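A.B. asks: Give me a 3D structure for the following:
(2 chains)
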Amino acid sequence: DAGVIQSPRHEVTEMGQEVTLRCKPISGHDYLFWYRQTMMRGLELLIYFNNNVPIDDSGMPEDRFSAKMPNASFSTLKIQPSEPRDSAVYFCASSSGRPLYEQYFGPGTRLTVT
Amino acid sequence: AQSVTQPDIHITVSEGASLELRCNYSYGATPYLFWYVQSPGQGLQLLLKYFSGDTLVQGIKGFEAEFKRSQSSFNLRKPSVHWSDAAEYFCAVVSNYKLTFGKGTLLTVNP
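C.D. replies: Residues are numbered from 1 along each chain as shown, chains lettered A, B, ... in the order given. Next comes the predicted model:
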(Lines give C-alpha, C1' and ligand atoms only; values in the text may rest on other atoms or scores of the structure.)
Protein backbone atom coordinates (compact mmCIF):
# COMPACT_ATOMS: atom_id res chain seq x y z
CA ASP A 1 0.00 0.00 0.00
CA ALA A 2 1.22 3.50 -0.80
CA GLY A 3 0.24 4.89 2.57
CA VAL A 4 -1.53 8.18 3.11
CA ILE A 5 -0.87 10.56 0.24
CA GLN A 6 -0.93 14.32 0.60
CA SER A 7 -0.54 17.03 -1.99
CA PRO A 8 1.04 19.38 -2.45
CA ARG A 9 4.05 18.76 -0.22
CA HIS A 10 4.84 22.45 -0.15
CA GLU A 11 2.62 25.43 -0.77
CA VAL A 12 3.60 29.08 -0.76
CA THR A 13 0.82 31.60 -1.21
CA GLU A 14 0.04 35.22 -0.52
CA MET A 15 -2.25 36.43 2.19
CA GLY A 16 -5.85 36.49 1.07
CA GLN A 17 -5.53 33.66 -1.42
CA GLU A 18 -7.46 30.42 -1.22
CA VAL A 19 -5.48 27.31 -0.36
CA THR A 20 -6.61 23.73 -0.87
CA LEU A 21 -4.79 20.80 0.66
CA ARG A 22 -5.54 17.28 -0.48
CA CYS A 23 -5.41 13.87 1.11
CA LYS A 24 -5.89 10.32 -0.07
CA PRO A 25 -6.26 7.91 2.86
CA ILE A 26 -5.15 4.31 2.91
CA SER A 27 -7.63 2.16 1.02
CA GLY A 28 -10.16 0.55 3.36
CA HIS A 29 -9.65 3.03 6.20
CA ASP A 30 -12.91 4.46 7.51
CA TYR A 31 -11.47 7.31 9.59
CA LEU A 32 -9.66 10.37 8.33
CA PHE A 33 -8.03 13.03 10.49
CA TRP A 34 -6.59 16.48 9.71
CA TYR A 35 -3.90 17.87 12.02
CA ARG A 36 -1.93 21.09 12.11
CA GLN A 37 1.60 21.32 13.49
CA THR A 38 3.20 24.58 14.60
CA MET A 39 6.12 25.41 16.86
CA MET A 40 3.89 27.29 19.25
CA ARG A 41 0.97 24.89 19.56
CA GLY A 42 2.46 21.56 18.55
CA LEU A 43 0.17 19.00 16.90
CA GLU A 44 -3.51 19.84 16.98
CA LEU A 45 -6.44 17.86 15.65
CA LEU A 46 -8.56 20.04 13.39
CA ILE A 47 -11.31 17.68 12.28
CA TYR A 48 -12.00 14.02 11.72
CA PHE A 49 -14.35 12.03 9.52
CA ASN A 50 -15.90 8.60 9.83
CA ASN A 51 -17.30 7.03 6.67
CA ASN A 52 -16.96 10.40 4.93
CA VAL A 53 -19.05 12.21 7.57
CA PRO A 54 -17.47 14.92 9.74
CA ILE A 55 -17.68 13.77 13.36
CA ASP A 56 -15.80 16.40 15.30
CA ASP A 57 -14.70 19.75 13.90
CA SER A 58 -14.15 21.45 17.24
CA GLY A 59 -10.49 21.96 16.42
CA MET A 60 -11.10 23.98 13.28
CA PRO A 61 -9.73 27.39 14.20
CA GLU A 62 -12.31 29.58 12.47
CA ASP A 63 -14.74 29.86 9.61
CA ARG A 64 -11.95 30.45 7.13
CA PHE A 65 -11.19 26.73 7.43
CA SER A 66 -13.37 24.07 5.87
CA ALA A 67 -12.92 20.37 5.19
CA LYS A 68 -14.76 17.94 2.99
CA MET A 69 -14.67 14.27 2.22
CA PRO A 70 -16.72 13.66 -0.93
CA ASN A 71 -15.79 9.98 -1.06
CA ALA A 72 -13.83 7.35 0.80
CA SER A 73 -10.61 8.02 -1.08
CA PHE A 74 -10.34 11.79 -1.03
CA SER A 75 -10.49 14.70 1.38
CA THR A 76 -9.69 18.39 1.17
CA LEU A 77 -8.85 21.07 3.69
CA LYS A 78 -9.49 24.56 2.42
CA ILE A 79 -8.44 27.90 3.84
CA GLN A 80 -10.14 30.98 2.43
CA PRO A 81 -8.84 33.61 2.80
CA SER A 82 -5.41 32.54 4.01
CA GLU A 83 -3.45 34.53 6.59
CA PRO A 84 0.23 34.43 7.61
CA ARG A 85 -0.70 32.82 10.94
CA ASP A 86 -2.00 29.82 9.01
CA SER A 87 1.59 28.93 8.10
CA ALA A 88 2.16 25.44 9.46
CA VAL A 89 2.55 21.81 8.46
CA TYR A 90 -0.79 20.14 7.87
CA PHE A 91 -1.00 16.39 8.29
CA CYS A 92 -3.63 13.97 7.19
CA ALA A 93 -3.97 10.60 8.92
CA SER A 94 -6.25 7.63 8.44
CA SER A 95 -7.32 4.66 10.50
CA SER A 96 -9.15 1.43 9.86
CA GLY A 97 -10.79 1.59 13.26
CA ARG A 98 -9.22 -1.74 14.11
CA PRO A 99 -7.77 -0.83 16.48
CA LEU A 100 -9.50 2.51 16.34
CA TYR A 101 -6.71 4.58 17.68
CA GLU A 102 -3.88 3.45 15.43
CA GLN A 103 -3.49 6.23 12.94
CA TYR A 104 -1.24 6.33 9.90
CA PHE A 105 0.09 9.73 8.94
CA GLY A 106 0.87 11.24 5.58
CA PRO A 107 4.08 13.19 4.94
CA GLY A 108 2.36 16.52 5.46
CA THR A 109 1.94 19.74 3.51
CA ARG A 110 4.14 22.64 4.54
CA LEU A 111 2.10 25.82 4.03
CA THR A 112 3.70 29.24 3.97
CA VAL A 113 1.47 32.29 3.72
CA THR A 114 3.34 35.52 2.99
CA ALA B 1 -9.43 17.30 29.89
CA GLN B 2 -6.65 14.95 28.95
CA SER B 3 -3.13 16.29 28.48
CA VAL B 4 0.36 15.04 27.82
CA THR B 5 3.59 16.59 29.07
CA GLN B 6 7.01 15.85 27.66
CA PRO B 7 9.35 17.64 30.04
CA ASP B 8 12.43 17.48 27.82
CA ILE B 9 12.37 19.65 24.72
CA HIS B 10 15.76 18.49 23.46
CA ILE B 11 18.00 15.57 24.44
CA THR B 12 21.46 14.76 23.13
CA VAL B 13 23.00 11.32 23.52
CA SER B 14 26.01 9.57 22.09
CA GLU B 15 25.58 6.73 19.68
CA GLY B 16 25.46 3.45 21.59
CA ALA B 17 24.27 5.07 24.80
CA SER B 18 20.96 4.25 26.41
CA LEU B 19 17.97 6.53 26.03
CA GLU B 20 14.93 7.40 28.09
CA LEU B 21 12.35 9.95 26.97
CA ARG B 22 9.84 11.08 29.53
CA CYS B 23 6.10 11.37 29.14
CA ASN B 24 3.51 12.25 31.77
CA TYR B 25 -0.21 12.19 31.11
CA SER B 26 -3.31 13.52 32.75
CA TYR B 27 -6.37 11.41 32.19
CA GLY B 28 -9.19 10.29 34.44
CA ALA B 29 -9.70 6.76 33.23
CA THR B 30 -7.38 4.07 31.95
CA PRO B 31 -5.39 5.79 29.22
CA TYR B 32 -4.58 4.56 25.79
CA LEU B 33 -1.04 5.78 25.17
CA PHE B 34 1.19 6.03 22.13
CA TRP B 35 4.67 7.01 21.09
CA TYR B 36 5.22 8.37 17.59
CA VAL B 37 8.46 9.34 15.86
CA GLN B 38 8.84 12.07 13.25
CA SER B 39 11.94 12.18 11.09
CA PRO B 40 12.80 15.50 9.42
CA GLY B 41 10.35 16.33 6.66
CA GLN B 42 8.34 13.21 7.31
CA GLY B 43 5.01 12.32 8.82
CA LEU B 44 4.58 10.56 12.14
CA GLN B 45 5.27 6.87 12.49
CA LEU B 46 3.80 4.80 15.28
CA LEU B 47 6.50 3.28 17.51
CA LEU B 48 4.35 1.51 20.08
CA LYS B 49 1.07 1.65 21.94
CA TYR B 50 -0.40 0.71 25.31
CA PHE B 51 -4.04 -0.24 25.72
CA SER B 52 -4.06 -2.61 28.68
CA GLY B 53 -2.32 -5.66 30.10
CA ASP B 54 1.44 -5.91 30.38
CA THR B 55 2.79 -2.54 31.41
CA LEU B 56 6.01 -3.02 29.45
CA VAL B 57 5.33 -2.77 25.75
CA GLN B 58 7.67 -3.45 22.89
CA GLY B 59 7.69 -1.47 19.72
CA ILE B 60 9.50 -1.18 16.45
CA LYS B 61 13.15 -0.23 16.01
CA GLY B 62 14.11 -1.71 19.37
CA PHE B 63 12.08 0.74 21.47
CA GLU B 64 10.08 -0.12 24.54
CA ALA B 65 7.93 1.85 26.96
CA GLU B 66 6.69 1.23 30.47
CA PHE B 67 3.30 2.35 31.73
CA LYS B 68 3.34 3.38 35.40
CA ARG B 69 -0.09 4.32 36.65
CA SER B 70 1.19 5.48 40.04
CA GLN B 71 3.44 8.02 38.35
CA SER B 72 1.12 8.81 35.42
CA SER B 73 4.06 8.11 33.15
CA PHE B 74 4.75 6.30 29.92
CA ASN B 75 8.50 6.67 29.33
CA LEU B 76 10.15 5.52 26.13
CA ARG B 77 13.46 3.62 26.32
CA LYS B 78 16.08 2.16 24.09
CA PRO B 79 19.18 0.36 25.38
CA SER B 80 21.52 1.45 22.59
CA VAL B 81 20.82 4.42 20.35
CA HIS B 82 21.74 4.45 16.66
CA TRP B 83 22.48 7.57 14.63
CA SER B 84 19.32 6.90 12.61
CA ASP B 85 17.22 7.39 15.77
CA ALA B 86 17.78 11.13 15.57
CA ALA B 87 14.27 12.53 15.20
CA GLU B 88 11.46 14.11 17.17
CA TYR B 89 9.43 11.89 19.45
CA PHE B 90 5.84 12.49 20.47
CA CYS B 91 3.83 10.93 23.24
CA ALA B 92 0.05 10.91 22.83
CA VAL B 93 -3.09 9.92 24.72
CA VAL B 94 -6.47 9.05 23.28
CA SER B 95 -9.78 10.39 24.50
CA ASN B 96 -13.07 10.19 22.62
CA TYR B 97 -11.27 8.77 19.58
CA LYS B 98 -8.98 11.81 19.41
CA LEU B 99 -5.24 11.87 19.91
CA THR B 100 -3.77 14.57 22.15
CA PHE B 101 -0.05 14.97 21.59
CA GLY B 102 2.73 16.26 23.78
CA LYS B 103 4.96 19.03 22.44
CA GLY B 104 7.63 16.54 21.47
CA THR B 105 11.24 15.78 22.39
CA LEU B 106 13.93 16.37 19.81
CA LEU B 107 16.65 13.72 19.96
CA THR B 108 20.14 14.48 18.70
CA VAL B 109 22.62 11.61 18.41
CA ASN B 110 26.33 12.38 18.53
CA PRO B 111 28.75 10.04 16.77
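A.B. asks: Let me see the contact set for the most centrally placed residue in chain A.
C.D. replies: Most central in chain A under Cα atoms, centre = their mean is residue A:34, positioned 3.3 Å from the mean C-alpha point. Applying Cβ atoms under 8 Å, 6 or more residues apart in numbering or on different chains to residue A:34 gives the contacts A:23, A:45-48, A:67, A:75, A:77, A:90-92. For the C-beta atoms, the positions are set from N, CA and C on the backbone; glycine is no exception.
A.B. asks: Quick one: which of the residues you listed is the most crowded by neighbours?
C.D. replies: Counting neighbours by other Cβ atoms under 10 Å in any protein chain shown, the top entry in the contacts of residue A:34 is residue A:92, with 28 neighbours.
A.B. asks: Hmm, that one is touching residue A:4, no?
C.D. replies: Yes - look at residue A:92 against residue A:4 with Cβ atoms under 8 Å: they come within range, at 5.7 Å.
A.B. asks: what do those two both touch?
C.D. replies: Contacts common to residue A:92 and residue A:4, judged by Cβ under 8 Å, 6+ apart, are A:23, A:25, A:105-106.
A.B. asks: and which of the residues you listed is nearest residue A:97?
C.D. replies: The closest of the shared contacts of residue A:92 and residue A:4 to residue A:97 turns out to be residue A:25 (Cβ to Cβ; 11.9 Å).
A.B. asks: and the residue nearest to that closest one when sequence neighbours are not counted, how many neighbours?
C.D. replies: Spatial nearest neighbour of residue A:25, chain neighbours left out: residue A:94 (3.4 Å); criterion: Cβ to Cβ, 6 or more residues apart in numbering or on different chains. For residue A:94, the neighbour count with other Cβ under 10 Å is 26.
A.B. asks: packing partners for the helix or strand hosting residue A:94?
C.D. replies: Assigning secondary structure by DSSP states H and E places residue A:94 in strand A:88-95. Counting contacts by 3 or more Cβ pairs under 8 Å, 6 or more residues apart in numbering or on different chains; DSSP states H and E, strand A:88-95 packs against strand A:5-7, strand A:19-24, strand A:31-38, strand A:74-79, strand A:104-105, strand A:109-113.
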